[in-house]
Every structure is written in structure tokens, then in C-alpha cells.
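Undergrad: From the sequence below, what's the structure:
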Amino acid sequence: MGRNQGASGKKKEKIKFSTHIPSSAIQQGPSASIHLSASVKVKKLKATGAGFKVVDSTFHSDINAAIAAFTWKETNLSTSQLNAIWDRVHHSAGWDQGYVDSFVNQDRLPPEADPELPKTSGKGTAATFRVLELFELLQYESKLSTYEFYQAISRLTDNTGINAPKDRYPTLLRLVHQWRHLKMLKRTGRGHDPVRGASETRPGECALLCPPCPHPGINLPEGWENVDKGLKFLYALNLALDACFRMKRKDCSSEAADPGLSKGFAYVVEESAFKEYLRKHDNETEPKSTCSRHDAVNLADMRPGQGYASTGIATVECSRHNFKRPLAICDMQRGERTREMGPGTRRDTLDFHFGDYNWRKITKLGEASFGCTKSTPADDTHIKTGDSLLKKMVTATSEVAEHVIAHQELEATISPGKLQAWTEAMLAWELDPSKPNPYEVAVKTPTQAGVRRQLAEEEERALAAGIDIALSDEVSPSSLIAMGIDLEGEQRSLKTLTKSLWDHSQDRQITRVKLRSNALTRKLEEWFSLLQLYIPTSVTLRKREPQQKESPKPFEVQLWLPSRIRNLVPFDKSLAEIEYKLRNAQAHEALGVLRRNLQIRATLYDVKDRWLRGQGANTRALNAIATVQARIAAARDEYRQARVALLALADLLGHSKVDQEFLPLEDKDIRSMVEAEPGQGETRRKLSWIWRRVNAADATEEETEQFVTETIRVEWGKSRARAERYQEEIQLVREEIDRSLRFFIWKAADWRNKGIAPRTKPISAEYAEGLKAYAERQAVLCESLHNAFKSQWKGVPDLIKSAKDEMENPDLFYQRKQQDFEKRNKKADKIATFSSNFVSPSS
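TA: Reported below is the predicted structural model:
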């Protein structure tokens, strides 16, 4: 009885349950063939304060005439009289002739009366608004196709296939298309325009705007253009580009056969203007993105596959709220579900779907019923948030104090002079990105690519002076040693891949390993033929290798580089000098890769522990961590192998202090800056040597100190950025909340103005009343959203105040974290106790 009159005094919605019963008081006799009619009794259950009350009413209906005709077919009516009844039902009751024929031709009893039975004027097929609305929402929510929906309602009519109804699928396609187009025009007020008709709709006019985004003249405060430079981010429009390469279109139909109903009215651009723009820029190529795996840009210039007119769609959307922008969707003429649609129908369908996408985004802006729960320190209340502005605010206010306090604690360990210099450099770069990037370590490290370039330039100068020491037209001495080091890397990679195989590995995995093994074998044959040119005595060394029953695996083959030959046989020591330079860079580069991936791993573990819940999310996180761990292992092995080679070459060439520069890399040394050595607590934590060594062969104490300082400066910059971005996020979400409320106020007023807009042509009083009623309905809807969101966001000021209090008084933050920790432990204990109570006793 929850829908009865409540304690609040508000009138609740009535519960109605109706049944339609053909009356038995029907005239009988031959004359009934002309005047046959039926009365329909309706029983309604209405909720009252004491319970339900049954209310009876009766109304006249021609629809049940066909049912009565069948009732007396055998005794009272001839075939001609029966046909006359059906004809009357068709004309006066509005039954479609095809619908009538499906009963008459098969001598079936017609259905009982339905107040929403399709009605037509003359011949044709119609559908009720209810069935169209049902299909529309089903397709938006479940991606149900029109054909699947038609088959479902067809089976509801006859699920045996014996008396299948006439095929109305093509008609339903047209009905759905026209219905949705008209609803789009109606919902955006195009029917209320006293001057411009539907065909004069402006580009993008039917698109739903993003309420939190800035719209000048609609939801921005007065004087927003004159705010300080540091606050301009509050009124910036943040846009993002995206593309979907699955949304292809087959090359079927044409613009002439399927022009579509919308001409750039909503989200998809107008086709002719878009193609004209493409013709002007046909020879341009999109710059390749430097982002890893950014296929949306890097695949944009692919030609469509055979049988496709476009390779997908590209979109522009607001990156803050993911709303699709007006006129921001287009087909990629060159360049991830395939649809067999004509061009016009496809564009219109995209407009409809993205319109519903934006509408659902609007209704969830103030959502406060699902998602995470956050307890506020002020009153210990709980606010549940979903994918909304409230969620953004809860996230920012709950995390900002942690980042601000961490940054303050870091700055307390840095001298004021360094802080001032670093801050000035950071501000200078923020104003002018051409300045040195403060997020990069200024101490340069040698790289293999740099050393190879240097060696190539030395060979170029030697050739210019008439000196050529190369014994091959294709491979120089430096290229030879670089090739050997690259082959070592391939051997390490193949060894790791081979170790991943087991007894139950799939055929494709084994095949992949075999193919790489074969390729490496061929490269080794080429390597030894070149090595024999520069170090002929290497043949002797290969002959001295102990013979084995089976051929060694490619990754076990000894390459006999100078670092391995040492003093075993004579060879040109200039090759050893080349290898020393390359190995030096290789070791430094491996340490750099190791450091980067250790920091990435620390971040992934932090995100996993703090944010991820559930088996799926944790599995994906563990997979990502495993990938990073594989890179760490590869960098570790590369450094160790390079160090062994460097020590051997140092003995051969007389270089000193190499063992002091390149320390042994033990497993306990491989940890991030925030990790303590195993067995040590936080109070005794110290950085691993990999973070304290400068990457230079002749490093001094001063240079080492500079490297450590640069590393700390970069971490300080990242910490500062996190603290400031969280504080800016609170300001920005607060402004977005205010903009959303102002937007709905403006929208309600705009609808009311449309309802009373003076008409340039006379219209009937009924039509004018309908326009005003619909406009008022939309205005009330906007006001309802405004009031609902305002109520859901009423706790935002308290959240902001609590966050500020924690930033000013860190003790409050640590108290909240302790309370959260104790609550989690209590919850875990309850779950453990509950689970133990259901452990099956031993039998």
C-alpha cells in the first residue's frame, strides 16, 4: 500500500488495473449484420486510504463487432454479412486491411478490444506510440535490432509458424525511422518555432547540450571573461577527439536512394558540406600520434576495406563529461560492429542513439544512489555516488588532503633556496612550454643510439680523410659490434619466451617460438660470416668449443664478441674499444629502463590497493603489473650482462674504477624510491644505489649529488602537480554544479517562451493550447531536474569545508584515515565470522 496517501500529505500516484469484457447484451438477429456493436465494461482498481475500491464503467465499441460476428457466424450470418462486418470494422474502427485479412483469410477469431489498437485512415499500416516507444528504449538499452524486435512481436502473434502474419518488417523500418525523427524535432522545440519550419532547422540545433560545460549567455556568471588568469581554467571548454574503427558501413545504397531525414540537424555533420571540406584537404595526412597504441589517430588514413564505404566514425566530445558535441561526428572516409545501412539512415540512426546517450548523461549528473560510499569527517554521514558530478566532488574532497599534506611533508625536507628556484622554473615552463621541462632529469645519460651515431660520425670523418678500415662494403666495425649486442638481446628474449612454454602450451604458442628460433639461427649464420672477416681467429675459438650430442639452442650459442674473447686469441683492440663504448651506454640505458618501470610498478600497486575492488578489476591490474615486471626482469638481465662485459673489457683495455661505477645489481637493490630494503622498516629506509648513481662514466661526487637532486626535483614537481590539480578539481566541479543549475533554469524559461511565442500565421485555439501545454511540460521537466539535482548536491559545501579543514589541520586527516582503517577491519572480521558459521562440519 506504499502508493496511498503518505504522511507527508502529498497525493500519491493511483494504481489502475483494467479489464475489458465484451457485453453479452448484444442485439441478435439478421439485422445485426449492419448495426452490430458491442459494449465494453471496464473495471478499475483505485487505491484509497482504506484499501482498493472497484469502479465500473461501460463504453460503446465498434472494435468488438468482429468478435460478435464470429459468435453468430454459424447460425445468424452469411458470408456476405460477415464480410460486411469486417468491412465496417476496417473503416469505422480503423483496423488496417492487412491486419483484417490475416484473420479473415485464415478464419481466425480476432483479438479482444485494445484501446491502443492501430488505427489508420484509409489503407496502410500503423503502429501505436507505445510499441514504438518500447522498441526505442529496448534498442538504446540492449542494442536490439529492428528485425529482432519485429520477429519477437511476430511470434507473439503466432509462435507456431502455421498462421504467420503478413510481413510488415519494411513498414516497421520506415515507421521507426520517421517516428524517431519527429520525436527529435518535437523534443528540441522545432514544432514551436513560429518562423522556421523543420526543413529550416539550423545545423546542430537538435543536439542536447552538456549542462556542466560553459555556454556563454546561458550558464556563465557575469564578468566571467574578466577573471584572473589563474582562474580562467574554470571557464575553459575541454574537448577530446576519439574514433571507433568498428563502426564501419558497407558500401550499399546511395545518397540518392537514401538521403536521410536529418541534414546535419544534430550530431552528425551535413554530408555535402563535409565532403566539400574533405576535397579541399584531400592531400593532407594526419600527424602520427606519439602515444602508445593510439590507433584512433594512427589508423585514420587507412583506406576502407573491400566492400566498405567508411572505416568508422570520428567524434569530438567534452572530455570532462563525455557528452557528444553538436556537429561533432563524421564518417572516416579513409583510415572496430558492422551495419548494413544506407548512408542517410545510418546518419539519422547515429543521431538518435547519441541523443539518447546524451540524455542519459544528463539524468545521471546528480545521481546519488549507486557506487562508492564516502564518510565525511564532519558529521559521519554517508553519501553514495555514481558516475556524476557528485562522484567527482566526493573523489576530489576525499583525496585532496592526502596529496597536499604529502607535498608539504616533502617540501619540509628541501632547502628554501632550492624550492624557490624550482618553483620559478616550474612557473616559467607553465607560461612558456618551450622552456626546459621541469619534469625531466636535466643530467643527460648516454644512450646506445647516441653512441652509435657518434661512432658513425667518426667513421664518416675517417672516410673523408681517405682512411677506410672496413672489411665489408655493408658492415663497418661499429656496425658489427652493434649487431652482436643486438643479437644478444634477441637471445635473451628468445630464452625468456622458451621458458614460458610448458607441457600444455597451445600449438600457436609453440609455433611462434619455433619461428623466432629459426629466424635467429639464420641471423647467427650471417653474424659468424661477418665476424670471420674482422676476427679471423674466432674460427679457432668456435672449433675449440666442446662438442655436444645435440646442437645448442640459438640462445645458447656463444657470439665471441671482444669482451668474451679477451686474451684467448689475438684480434684488433679497436673493436674492443668500440664494444666498451656501446656496453657503457647499454648499462646506463638498462638502469634508466629499470628505474622507470620500478616507478610504474609502484604506481600500479598503489592504484590497485587503493581503488580497485572485484575479481575482474584486480585480474586486469595484476596482468598489467606482470607486463611491467617482465620489463624489469629484462632490464635487470641486460644490465648484468653489460656489466660482465664491461669488467672484462676494462681488464683488457686498462680502464679503472669500472667496478665502482657499475655496482653489482642484486635482487634487493631492485626497488622503487618508496620501497624499503627487505627486512627494514620505514624509519631505516634508504634509497637503493640505482637511484643514487649518476649515469656518467667519469662521475664525481658533485655530479652524483646533482643526479640525486634532479631526481628529487622531478618527484617534487609531480607531487606539486598532484596537490594543485586536486585543489583545482574541487573549484572546477563546484563551478560545474552551479553551471548545471543555471542551465536548467535557462532551459525552463526558454521552453515557456516557446510556448507563448507569437505566431506569424493563424492557428487554431486547440493547436495553440497544445503547443503551450507541451512547452510547459518540458519546462516543468527542466525545473524538476534542477530541484532534484540541487537537493542531491546540498551536501557539497560540507564536503568542501571538511577537505579544507583537513588540509589546514593534518591531524583531522590522519584521524579519518584511522577511522576508515578500523571500519574496514571490522567489516573484514564480520565477513570472516559470517563465513566461518557456514563451514560444513566434517562428516
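
Undergrad: which regions of the stretch 401-550 of the chain lie under the pLDDT threshold?
TA: For the stretch 401-550 of the chain, the stretches with pLDDT under 70 are 442-446.

Undergrad: can you rerun that using 90?
TA: 402, 406-415, 430-431, 433, 436-478, 496-497, 499-510, 512, 532-533, 537-550 (pLDDT under 90).

Undergrad: At which residues are the strands of it located?
TA: Applying DSSP state E, counting those that start in this stretch to the stretch 401-550 of the chain gives no strands.

Undergrad: Same question for the chain.
TA: 18-22, 38-48, 51-61, 239-244, 249-250, 308-310, 313-318, 324-331, 373-375, 382-384 (DSSP state E).

Undergrad: where does the stretch 651-800 of the chain dip in pLDDT?
TA: Looking at the stretch 651-800 of the chain by pLDDT under 90, you get 653-663, 666-669, 671-716, 718-719, 758-763, 765.

Undergrad: switch to 80 and redo it
TA: Scanning the stretch 651-800 of the chain for pLDDT under 80 picks out the ranges 673-687, 691-709, 711.

Undergrad: Pick out the shakiest of the strands of the chain, pLDDT-wise.
TA: Among the strands of the chain, strand 18-22 has the lowest mean pLDDT, at a mean of 33.

Undergrad: need the contact list for L138.
TA: 144, 149 (CB atoms under 8 Å, 6 or more residues apart in numbering). Every C-beta, even on glycine, is put in place using the N, C-alpha and C of the backbone.

Undergrad: at 10 Å what do you get?
TA: 144, 148-149, 152 (CB atoms under 10 Å, 6 or more residues apart in numbering).

Undergrad: Show me where the stretch 651-800 of the chain has its helices.
TA: 658-661, 701-755, 765-792, 796-808 (DSSP state H, counting those that start in this stretch).

Undergrad: Would you indicate which residues of stretch 498-517 are buried?
TA: By neighbour count on 16 or more other CB atoms under 10 Å, the buried set for stretch 498-517 is 513, 516.

Undergrad: And for stretch 413-432?
TA: Counting neighbours by 16+ other CB under 10 Å, one finds that the buried residues in stretch 413-432 are 422, 425-426, 429.

Undergrad: Same check on stretch 622-631?
TA: 625, 628, 631.

Undergrad: Stretch 205-221 now?
TA: The neighbour-count check on stretch 205-221 (16+ other CB under 10 Å) flags 205-215, 218-220 as buried.

Undergrad: got it, and stretch 778-792?
TA: For stretch 778-792, burial by neighbour count (16+ other CB under 10 Å) applies to 778-779, 782-783, 785-786, 788-789, 792.

Undergrad: Need the residues that contact that stretch.
TA: So stretch 778-792 is in contact with 186-189, 192, 211, 362-363, 365-369, 383, 385, 388-390, 737, 740-755, going by CB under 10 Å, 6+ apart.

Undergrad: Buried ones only from these, please, as a ChimeraX command.
TA: In ChimeraX, this line selects whichever of these come out buried by 16+ other CB under 10 Å:
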select :188,189,192,211,362,365,366,367,368,383,385,388,389,390,737,740,741,742,743,744,746,747,748,750,751,752,754,755
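
Undergrad: Quick check: which ranges of the stretch 251-400 of the chain have low pLDDT?
TA: For the stretch 251-400 of the chain (pLDDT under 80), the answer is 251-259, 281-312, 331-344, 367-387.

Undergrad: how about the helices of it, start to end?
TA: Going by DSSP H, counting those that start in this stretch, the stretch 251-400 of the chain shows helices at 271-280, 295-298, 343-363, 389-411.

Undergrad: Would you reformat those helices as JSON lines and include distance to E822?
TA: Formatted as JSON lines, these follow (distance: least, CB to CB, whole Å):
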{"stretch": "helix 271-280", "distance to E822": "60"}
{"stretch": "helix 295-298", "distance to E822": "46"}
{"stretch": "helix 343-363", "distance to E822": "37"}
{"stretch": "helix 389-411", "distance to E822": "17"}
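
Undergrad: Any idea which of these gets closest to V733?
TA: Distance to V733, taken as CB to CB, is lowest for helix 389-411 among these, at 4.7 Å.

Undergrad: What helices and strands are in contact with that closest one?
TA: Helices and strands touching helix 389-411, as assessed by 3 or more CB pairs under 10 Å, 6 or more residues apart in numbering; DSSP states H and E, comprise strand 373-375, strand 382-384, helix 416-431, helix 573-611, helix 701-755, helix 765-792, helix 796-808, helix 810-836.

Undergrad: Kindly recompute the last result at 8 Å.
TA: Helices and strands touching helix 389-411, as assessed by 3 or more CB pairs under 8 Å, 6 or more residues apart in numbering; DSSP states H and E, comprise helix 701-755, helix 796-808, helix 810-836.

Undergrad: contact partners of that helix?
TA: Outside helix 389-411, the residues touching it (CB under 8 Å, 6+ apart) are 212, 365-368, 371-372, 374, 383, 385, 419, 715-716, 719-720, 722-723, 726-727, 729-730, 733-734, 736-737, 740, 792-793, 796, 799-800, 802-803, 806-807, 810, 812-813.

Undergrad: burial count for A832?
TA: By the criterion of other CB atoms under 10 Å, A832 has 10 neighbours.

Undergrad: That one and T125: what is the separation?
TA: A832 sits 63 Å away from T125, going by CB to CB, to the nearest Å.

Undergrad: what does E317 give?
TA: Taking CB to CB, one finds E317 at 38 Å from T125.

Undergrad: Compare those two and say which is more crowded by neighbours.
TA: Comparing E317 with T125 by other CB under 10 Å, the one with more neighbours is E317, at 22 against 17.

Undergrad: which residues does that one bridge with?
TA: As for beta bridges, E317 partners with A240, K324 under DSSP bridges.

Undergrad: Distance check, it against E550.
TA: Counting by CB to CB - E317 and E550 are separated by 60 Å.

Undergrad: Just give the nearest non-adjacent residue to Q599, would you?
TA: Among residues not flanking Q599 along the chain, S672 sits closest, at 5.6 Å (CB to CB, 6 or more residues apart in numbering).

Undergrad: can you pull the contacts of that neighbour?
TA: Shown in contact with S672 (CB under 8 Å, 6+ apart): 598-599, 601-602.

Undergrad: one step back: for L173, which of the helices of the stretch 251-400 of the chain is the nearest?
TA: Closest among these, once you apply CB to CB, is helix 343-363, at 8.4 Å.

Undergrad: In stretch 645-665, which residues are buried?
TA: 645-650, 652, 655, 658, 661-662, 665.

Undergrad: can you tell me the distance between the two ends of it?
TA: The first residue of stretch 645-665 is 14 Å away from its last residue (CA to CA, to the nearest Å).

Undergrad: Then stretch 492-511?
TA: This stretch, stretch 492-511, spans 18 Å end to end (CA to CA).

Undergrad: what's that stretch in contact with?
TA: Residues outside stretch 492-511 that contact it (CB under 8 Å, 6+ apart): 512-513, 516-517, 520, 553-555, 630, 633-634, 637-638, 641.

Undergrad: swap in stretch 515-524?
TA: 487, 490-491, 494, 497-498, 553-555, 557, 559.

Undergrad: Would you write out the ChimeraX command that picks the buried residues out of those residues?
TA: Burial among these is assessed by 16+ other CB under 10 Å; the matching ChimeraX selection reads:
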select :487,490,491,494,554,555,557,559
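
Undergrad: quick check, nearest of the contacts of stretch 515-524 to N437?
TA: E490 (33.7 Å).

Undergrad: Look up the closest residue to the closest one, ignoring the ones flanking it.
TA: Spatially, and ignoring its direct neighbours in sequence, E490 is nearest to L520 (5.6 Å; CB to CB, 6+ apart).

Undergrad: again, but for F662
TA: R643 (4.8 Å).

Undergrad: Run through the residues that contact that neighbour.
TA: 587, 662, 664-665.

Undergrad: Tell me which two of those residues sit farthest apart.
TA: So, those by CB to CB: farthest apart are A587 and P664, at 12.0 Å.
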